[in-house]
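Predicted model follows, preceded by the sequence.
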Amino acid sequence: MVGRMIKLISKQSLAVMLAGASVAPVQAASDPAFPSWRSLRDPVVNMRVGPGEDYAIRFVYHRQNLPIKVLRLYQGWYLVEDPDGARGWMNARFVNKTPTAILRGKGAVEMHAGPAQGSALLWKLAPGNVGRVGPCQQGWCEFTLEARKGFVPQDRIWGPGAQ
């Protein structure tokens, strides 16, 4: 759905994934640095079932700048969650510190000139578009998509500021 190619997971891969989940020490999600919002640095990035290149590839993402939520860090590998809720491990070198957000829901997302439904309608954006999010207020977030900048409803984004 978000531009990933699904690989089938065998029973052996599932066992490896479960073993990888119990590797210690892992920097816990309760650490103040996590969770954090990031994005994919490269146009092709692998999500693995465990924190290392010896672990099977779970998904291959073909979507540079796709937002991800980083949950943990272990020896240069991030445990991440994608916009569809899938979780796995990515090497930190493929993850940008620059957060992005993806537009969600059914139907067009209206981008307004101000943080209110009554403000001028600038654009109608399609769900799946990825952009940068600015401050959120009163249920609206600043959103920049290429040269377009305005405000979108906060409940239509997945990324920083998401409800």
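It's in.

Lys69 and Tyr78 touch, don't they?
No. The criterion here is CB atoms under 8 Å, and Lys69 misses it with Tyr78 at 9.7 Å. Every residue, glycine included, has its C-beta placed from N, CA and C.

which neighbours do the two share?
When contacts are counted by CB atoms under 8 Å, 6 or more residues apart in numbering, the set common to Lys69 and Tyr78 consists of Arg38.

Show me the shaky parts of this structure.
Low-confidence regions of the chain, defined by pLDDT under 70, span residues 1-32, 163.

Let me see the domain layout of the chain.
Annotated domains of the chain cover 4-96, 101-157 [automatic domain parsing].

Could you dump those into TSV and include mean neighbour count?
Formatted as TSV, the entries for these read as follows, by neighbours: other CB atoms under 10 Å:
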stretch	mean neighbour count
domain 4-96	16
domain 101-157	16
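
Surely Leu73 is in contact with Trp89?
No. Leu73 is not in contact with Trp89 according to CB under 8 Å; the separation is 10.2 Å.

which neighbours do those two share?
With CB under 8 Å, 6+ apart as the test, Leu73 and Trp89 both reach Leu79.

Run through the residues that contact Tyr78.
With CB under 8 Å, 6+ apart, Tyr78 has these contacts: Arg38, Val70, Leu71, Arg72, Trp89, Met90, Asn91, Ala92, Val95.

ok, what's across the strand from the last one?
Spelled out, it's Val95. When bridges are taken as DSSP bridges, the partners of Val95 come out as Leu40.

same question, Tyr61
Arg4, Val45.

if I look at it, how far off is Trp140?
When distances are taken as CB to CB, to the nearest Å, Tyr61 and Trp140 turn out to be 29 Å apart.

what's the nearest residue to the residue nearest the centre of the chain if we skip its chain neighbours?
For the chain, the residue lying nearest the average C-alpha position, counting by CA atoms, centre = their mean, turns out to be Ile68 (2.0 Å). Excluding its sequence neighbours, the residue lying closest to Ile68 (CB to CB, 6 or more residues apart in numbering) is Val80, at 4.5 Å.
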